[in-house]
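Asker: Only the shape, not the letters, is given here:
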């Protein structure tokens, strides 16, 4: 059985517990969380979120990219969120490479020229949270009265620690 | 108390349950899940994922963008995933607007000219899954032997239904 089939089977059990209920499309807390794709972070559990509470946006590193801004604009201007929380984490994949070596590896293994592409690695996880909070504050598409907070998640202990801007 | 403070407080309880354990940075199932930021989808619960099982990537709509490809390349070439599952869902925010009216609204409310920007709305949720599966198959940065599956999640019942390419 493929993992896709296994996940679909697990979903059948989830459906039995879920019941039928229509929650509003607008997140209850009006919060959007920007974080990493890492497999050791289950955002809803780690922050005590119920279904319907908050938007959860995840890419490699939890970085503020053009696509993250696109998503946040929809989250805010179409679906009513007014607060953003940026969460990066310890032992991140974005800390395991540098652009120069990684793009060379891709050119060798995939045969694609990506030498001008920034894969957004970082070294200091608190600094990367501060950088991304600053990018949000600087974006003309994010209103000035949107509250922006930051934190680092420890993948070994599950603990979130606030990062001040 | 702000929501950020509430989430940090909820996290303290999570830490007590979590204990200390170091899971590998490489996802156990070698699966990356591409899905939407929607607040009514808790991916790990809905698919029975344990901590460490799979990468979870989320943007507005669960669309395959340049940033999604950046993240998937890191997921695959740096962290070993070999399978992608694209999941869109019913009652999606990406179905609530069209680019022309939305960009006019942003220009009016935020004073920013975004008339050439595609916010990636869609109308048919199965068709959007198929479109994004096709984008993945066409990308030179995603190897041909990567398994790609698709599904639609029903936000009212919690049920996933497979979408064939």
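Answerer: Thanks, I have it. Quantities reported herein were computed from a predicted structural model and do not represent experimental measurements.

Asker: what about stretch A:41-56, how long is it end to end?
Answerer: End-to-end distance of stretch A:41-56 (CA to CA, to the nearest Å): 12 Å.

Asker: And the next helix or strand past the longest helix seen in chain A?
Answerer: Longest helix of chain A, by residue count under DSSP state H: helix A:3-18. Sequence-wise, the next helix or strand downstream of helix A:3-18 (DSSP states H and E) is strand A:31-36.

Asker: Could you give me the buried positions within that next one?
Answerer: Under the neighbour-count criterion of 16 or more other CB atoms under 10 Å in any protein chain shown, strand A:31-36 has A:31-36 buried. Using the backbone N, CA and C atoms, a C-beta is placed for each residue, glycine as well.

Asker: Check stretch A:125-132 too.
Answerer: A:125, A:128-132.

Asker: Would you mind checking the average pLDDT for it?
Answerer: Per-residue pLDDT over stretch A:125-132 has a mean of 98.

Asker: Need the contact partners of that stretch.
Answerer: Stretch A:125-132 is contacted from outside by A:34, A:61-64, A:86-90, A:92, A:94-95, A:122, A:150-152, A:163, A:165, using CB atoms under 8 Å, 6 or more residues apart in numbering or on different chains.

Asker: Show me where chain A has its helices.
Answerer: A:3-18, A:43-47, A:66-73, A:99-110, A:125-138.

Asker: who touches the third one?
Answerer: Counting by CB under 8 Å, 6+ apart, the neighbours of helix A:66-73 from elsewhere in the structure are A:32, A:34, A:55, A:57, A:59, A:81, A:84, A:136, A:139, A:141-142, B:37, B:59-60, B:65-68, B:106, B:117, B:119-120.

Asker: What is the neighbour count of the closest residue to residue A:6 other than its chain neighbours?
Answerer: Among residues not flanking residue A:6 along the chain, residue B:48 sits closest, at 7.7 Å (CB to CB, 6 or more residues apart in numbering or on different chains). Residue B:48 has 16 neighbours, counted by other CB atoms under 10 Å in any protein chain shown.

Asker: Hmm, residue A:10 and residue B:48 touching each other?
Answerer: Yes. Residue B:48 is within contact range of residue A:10, at 2.7 Å (criterion: CB atoms under 8 Å).

Asker: Mind giving me the PyMOL command for buried ones among the contacts of helix A:66-73?
Answerer: Listed next is the PyMOL selection for buried residues among these, using 16+ other CB under 10 Å:
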select buried, (chain A and resi 32+34+55+57+59+81+84+136+139+141+142) or (chain B and resi 37+59+60+65+67+68+106+117+119+120)
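
Asker: quick revisit: what's the angle between the longest helix of chain A and strand B:31-36?
Answerer: In terms of direction (axes from the mean of the first three to the mean of the last three CA atoms, to 10 degrees), helix A:3-18 departs from strand B:31-36 by 50 degrees.

Asker: Now helix A:3-18: buried residues?
Answerer: Across helix A:3-18, burial judged by 16+ other CB under 10 Å covers A:3-4, A:7-8, A:10-11, A:14-15, A:18.

Asker: which among those residues are in contact with chain B?
Answerer: Filtering these for proximity to chain B by CB under 8 Å from any CB of the partner chain leaves A:3-4, A:7-8, A:10-11, A:14-15, A:18.

Asker: Between those, which sits nearest residue B:42?
Answerer: residue A:14 (9.3 Å; CB to CB).

Asker: Can you check what pLDDT the model gives that closest one?
Answerer: Reading off the model, residue A:14 has pLDDT 97.

Asker: Would you mind measuring from it to residue B:158?
Answerer: 5 Å (CB to CB, to the nearest Å).

Asker: Next, show the common contact partners of the two.
Answerer: Joint contacts of residue A:14 and residue B:158 (CB under 8 Å, 6+ apart) are residue B:46.

Asker: can you list the ones next to chain B among the buried residues of helix A:3-18 in a markdown table and add distance to residue B:27?
Answerer: Converted to a markdown table, these look like this (distance: CB to CB, whole Å):
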| residue | distance to residue B:27 |
| --- | --- |
| A:3 | 10 |
| A:4 | 14 |
| A:7 | 13 |
| A:8 | 18 |
| A:10 | 16 |
| A:11 | 18 |
| A:14 | 20 |
| A:15 | 24 |
| A:18 | 25 |
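
Asker: Give the closest residue to residue A:32 in space, chain neighbours not counted.
Answerer: In space, residue A:32 is closest to residue A:55, 4.1 Å off (CB to CB, 6+ apart).

Asker: pLDDT at that neighbour, what is it?
Answerer: 99.

Asker: Let me see the contact set for it.
Answerer: Residue A:55 sits next to A:27, A:31-33, A:71, A:75, A:79, A:81, B:37-39 when contact means CB under 8 Å, 6+ apart.

Asker: Go again with 10 Å.
Answerer: The neighbourhood of residue A:55, defined by CB atoms under 10 Å, 6 or more residues apart in numbering or on different chains, consists of A:26-27, A:29-34, A:71-72, A:74-76, A:79, A:81, A:84, B:36-39, B:58-60, B:93.
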